[in-house]
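S.K.: Sharing a model that was predicted from the sequence below.
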Amino acid sequence: MNMFSELMQNVMWFYLTLIVSIIFVYGFQICLMLAVGFDCKEKGIKRRAMWMVLTLLFPVPAAIIYACVRNGEEKENYKKCDNCGATLSDVVDYCAGCGGNMFTPCEIEKKQKYSNNSKTCLIVSIVSYVVSVACIFGFAFNAVSIVDNTLDGAIDGIKGSIIGDVDNWYDDFDYDERFHYGYDVDGKTIYYDREGKEYTEDLAVVYYDKQNNTYTYDYENYEFVGSDGKNYMSSYSYVDTNGYFYFDAAGYENEDNSTICFSAMSGGIVDKDGNFYFDATSVSWDKDGNLVDSYTGEYLLDLR
């Protein structure tokens with residue numbers, strides 16, 4: 001996955017968490033408003049509309065204030081129209097719906113229904129609140145991730161321009177912070193060098209040349225550090241088909257004198273004798289010392 005694809009994926013999650021956050025925030029507000037409304041109906045509180053509007057506009061403060069003062073609020077009883085069954089305030093003399101004037105007191109069951117509805121809405125509002133908070137954290141995390149990835153990409157681009165290595169593999173691959181292909185051994189990720197030695201850290205993997213000198217990769221400076229104490233730029237570092245490290249010193253000093261180049265005819269990196277080489281930052285080894293692709297784990301010689 002390249003940097004652009006990763007950025008687009010982060011943007012997609014960014015908007016998804018934003019939309020879900022908005023949905024659950026509104027769900028929280030509406031459910032809390034309904035919980036207050038049903039509670040007002042159960043207790044016969046006259047200013048039900050006012051409390052519902054306040055709860056919708058200022059959910060948490062209004063709900064807390066309502067819970068503290070509801071027992072002292074002015075209340076009214078309800079009655080049911082015998083003709084049409086409408087629930088009306090106890091102070092009205094006739095039913096506005098059918099004009100009837102015969103009523104019976106509102107049933108206890110009706111008030112219990114309001115109470116149950118209020119509790120259900122309250123539970124749903126609490127769940128919505130928790131989910132909305134989680135989504136907001138996810139939204140913030142994705143926002144930071146997008147900014148971080150964008151800055152990383154810009155910095156990598158600048159570094160590539162400075163050192164003249166714009167084709168570095170890290171611009172084209174999402175390598176999950178690993179620099180060698182790892183194998184799962186008893187639940188641990190193990191990396192191997194050409195001699196089959198095991199490593200638990202990928203950057204600790206040793207490269208060998210034909211003179212048995214050793215090298216390790218310094219990712220921070222994009223170069224290999226040799227056992228001779230010298231540094232070797234990764235752009236001119238290769239591994240041959242036998243797994244040995246090779247540094248194109250002539251090409252490093254003067255590009256026109258490079259002993260290795262990419263051949264369109266052979267479709268790979270070759271020297272003047274037609275011997276194949278691989279970019280040293282793209283190879284790994286299995287436990288038997290066979291060359292594998294650092295990104296896929298496929299055997300490199302099988303791909304030739």
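M.R.: On my side now, so go ahead.
S.K.: Return the per-residue confidence for the closest residue to Gly251 other than its chain neighbours.
M.R.: Spatially, and ignoring its direct neighbours in sequence, Gly251 is nearest to Ser258 (2.9 Å; Cβ to Cβ, 6 or more residues apart in numbering). For every residue, glycine as well, the C-beta is placed using N, CA and C. pLDDT recorded at Ser258 is 87.
S.K.: okay, now Ser258: neighbour count?
M.R.: For Ser258, the neighbour count with other Cβ atoms under 10 Å is 15.
S.K.: any idea how far Lys230 is from it?
M.R.: 19 Å (Cβ to Cβ, to the nearest Å).
S.K.: Name the spans of the stretch 101-250 of the chain whose pLDDT lies under the cut-off.
M.R.: Scanning the stretch 101-250 of the chain with the threshold set as pLDDT under 70 gives 106-110, 139, 142-178.
S.K.: can you map out the helices along it?
M.R.: Ranges of helices in the stretch 101-250 of the chain, per DSSP state H, counting those that start in this stretch, are 108-163, 249-253.
S.K.: right, and Tyr191 touches His180 too?
M.R.: Yes - when contacts are counted by Cβ atoms under 8 Å, Tyr191 is listed as touching His180 (4.5 Å).
S.K.: can you list residues touching both of those two?
M.R.: The contact sets of Tyr191 and His180 overlap at 202, 205, 284 (Cβ atoms under 8 Å, 6 or more residues apart in numbering).
S.K.: that's a strand at the last one, yeah?
M.R.: Yes - the assignment for Ser284 is a strand, going by DSSP: H, G, I helix; E, B strand; the rest coil.
S.K.: my guess is it meets Tyr295, correct?
M.R.: No - Ser284 lies out of contact with Tyr295 (Cβ under 8 Å); the separation is 9.1 Å.
S.K.: Look up phi and psi at the closest residue to Val124 other than its chain neighbours.
M.R.: Excluding its sequence neighbours, the residue lying closest to Val124 (Cβ to Cβ, 6+ apart) is Cys31, at 4.5 Å. Dihedral pair for Cys31: phi -70, psi -40, per degrees, to the nearest 10.
S.K.: Can you classify Leu18 as helix, strand or coil?
M.R.: On the basis of three-state DSSP, Leu18 is classed as helix.
S.K.: what separates it from Gly196, distance-wise?
M.R.: 50 Å.
S.K.: got it, and Tyr295?
M.R.: According to Cβ to Cβ, Tyr295 stands 21 Å off from Gly196.
S.K.: is it true that Pro105 touches Thr87?
M.R.: No - if you go by Cβ under 8 Å, Pro105 and Thr87 don't touch, sitting 10.8 Å apart.
S.K.: Between the two, point out the one with more neighbours.
M.R.: Thr87 (14 against 11).
S.K.: beta partners of the more buried one?
M.R.: Legend: beta-bridge partners of Thr87 under DSSP bridges are Lys80.
S.K.: pLDDT at it, what is it?
M.R.: As predicted, Thr87 sits at a pLDDT of 75.
S.K.: Which of Leu18 and Gly196 has more residues huddled nearby?
M.R.: A direct count of neighbours by other Cβ under 10 Å for Leu18 and Gly196 places Leu18 higher, at 16 against 12.
S.K.: Overlap in contacts, Pro105 and Thr87.
M.R.: 78-80.
S.K.: What is the nearest of those to Ser235?
M.R.: Tyr78 (83.7 Å; Cβ to Cβ).
S.K.: close enough to count as contact, that closest one and Val91?
M.R.: No - the pair Tyr78 / Val91 is not scored as a contact, 10.1 Å apart, by Cβ under 8 Å.
S.K.: which of the two has more neighbours?
M.R.: Tyr78 (18 against 9).
S.K.: Look up the closest residue to Lys41, ignoring the ones flanking it.
M.R.: The shortest distance from Lys41 to any non-neighbouring residue, by Cβ to Cβ, 6+ apart, is to Tyr114 (4.5 Å).
S.K.: what sits against that neighbour?
M.R.: Applying Cβ under 8 Å, 6+ apart to Tyr114 gives the contacts 38-39, 41-42.
S.K.: Now with 10 Å, please.
M.R.: 37-44, 78, 87, 106 (Cβ atoms under 10 Å, 6 or more residues apart in numbering).
S.K.: So which of those residues sit within helices?
M.R.: Residues of those located in helices (DSSP state H): 37-43.
S.K.: As JSON lines, those with distance to Ala67, pLDDT and neighbour count would be great.
M.R.: Output for those, formatted as JSON lines (distance: Cβ to Cβ, whole Å; pLDDT from 0 to 100; neighbours: other Cβ atoms under 10 Å):
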{"residue": "Gly37", "distance to Ala67": "14", "pLDDT": "86", "neighbour count": "21"}
{"residue": "Phe38", "distance to Ala67": "14", "pLDDT": "87", "neighbour count": "22"}
{"residue": "Asp39", "distance to Ala67": "9", "pLDDT": "86", "neighbour count": "23"}
{"residue": "Cys40", "distance to Ala67": "12", "pLDDT": "83", "neighbour count": "23"}
{"residue": "Lys41", "distance to Ala67": "16", "pLDDT": "79", "neighbour count": "20"}
{"residue": "Glu42", "distance to Ala67": "14", "pLDDT": "77", "neighbour count": "18"}
{"residue": "Lys43", "distance to Ala67": "12", "pLDDT": "78", "neighbour count": "17"}
